[in-house]
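Trainee: turn this into a structure:
(one chain, ligands or ions: 1)
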Amino acid sequence: MPIDEKFVENLEVVGKTLHADGEHFHFIWGKGRTDGEAFSNDDVKAAYEARGEKQVPLGIHGTTVAVDWDSCVAAGSCMSVCPVQTFQWYRTEQDVPAADVIGKTFEGTGLTEQDERLDYTDKSMPIREHDCTQCMACQEACPTHAILIEPSYQSYHEKAAGTFVALKGGSENPHAHD
Ligand code: SF4
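Mentor: Numbering: from 1, shown residues only. Prediction:
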C-alpha cells in the first residue's frame, strides 16, 4: 500500500529525530500501520525473526521527504538514485529498534549505498531531508511507493516546529510558506 499522500492531515506528529548539526531534524508521523508492505515482505519478516525483535508500526519519517517505514522493505532504491544522499540506513549508524529513533540524535554517518543495509529490518532514514533538491527520483524509484516528495508540506514541518506563521488577519494558511 503506497504512502498516504494526505498523511499531514490524517496523522499526527509523534516525535522527531534530530541531526547532530544542532539545526536540523525531521518529524515522525504516527502511529503507523500494519498493512504496509513491510509486514508482508518475507525478507523483512525473516530479518525481524532472526533478531528476535518484534515488528511494530513505525509511521512516516520526514515531512517534505516522507518515507513510510511501514511500507519500506529496505530495497534501497532511494539511496541509489538520490544525488545528495538525503537518506541513510539508520541501523548502520545506531543499531536500535526503529521505534526507538524517536527523540534520538543522529550524526548522519550512516551508510548511503543501496545494498549497505545492516539487514532487512533497516530503514531509509531521511536524515538530510533539508538537502533534498526535489528531483523526485526516489519517489519514482521506490518499489513499494513508500516515499512522497511534497515541498508544500514544508508548512506542516514549520507548524509542527512552532515556527508556523499565520496569514495577517486571516486563519492559518497551511501553505503560507510555499
Ligand atoms: S527527491 Fe531527489 S534529492 Fe530529494 S530525496 Fe528524493 S532522490 Fe534525493
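
Trainee: who are the packing partners of the helix or strand encompassing Ser155?
Mentor: Counting by DSSP states H and E, the secondary-structure element that holds Ser155 is helix 154-161. With contacts defined as 3 or more Cβ pairs under 8 Å, 6 or more residues apart in numbering; DSSP states H and E, helix 154-161 has no packing partner among the helices and strands. Just so you know, the C-beta spots here come from the backbone N, C-alpha and C atoms, and that holds for glycine as well.

Trainee: residues making contact with the longest strand along the chain?
Mentor: Across the chain, the strand with the greatest residue count (assigned by DSSP state E) is strand 12-19. Counting by Cβ atoms under 8 Å, 6 or more residues apart in numbering, strand 12-19 makes contact with 24-31, 59, 61, 101-106, 108, 125, 127-128, 130, 160, all of which sit outside it.

Trainee: how about the residues of the chain near the ligand?
Mentor: Listed as neighbours of the ligand in the chain under the rule Cβ under 6 Å from any ligand atom: 65, 81-84, 86, 132-138, 149.

Trainee: out of the residues you listed, who's the most crowded?
Mentor: Among the residues of the chain next to the ligand, Val65 has the most neighbours (other Cβ atoms under 10 Å), with 28 neighbours.

Trainee: for the lowest-mean-pLDDT helix or strand in the chain, buried residues please.
Mentor: Using mean pLDDT, DSSP states H and E, the weakest-scoring helix or strand in the chain turns out to be helix 154-161, at a mean of 93. Along helix 154-161, these residues count as buried under the neighbour rule (16 or more other Cβ atoms under 10 Å): Gln154, Ser155, Tyr156, His157, Lys159, Ala160.

Trainee: which of the residues you listed sits closest to Glu53?
Mentor: When the buried residues of helix 154-161 are compared for distance to Glu53 (Cβ to Cβ), Ala160 wins out at 28.8 Å.

Trainee: hang on, that closest one packs against His26?
Mentor: No - at 10.4 Å, Ala160 and His26 do not qualify as touching, with contact defined as Cβ atoms under 8 Å.

Trainee: okay, and the common contacts of the two?
Mentor: The overlap between the contact sets of Ala160 and His26 (Cβ under 8 Å, 6+ apart) consists of Thr63.

Trainee: the residue nearest to Val56 when sequence neighbours are not counted: how many residues sit nearby?
Mentor: Taking Cβ to Cβ, 6 or more residues apart in numbering, and ignoring the residues beside it in sequence, Val56 has Ala99 as its nearest neighbour in space, at 5.6 Å. The tally of other residues near Ala99 (other Cβ under 10 Å) stands at 18.

Trainee: picking that back up, return the subset of the contacts of strand 12-19 lying in helices.
Mentor: Using DSSP state H, the members of these that fall in helices are Ala160.
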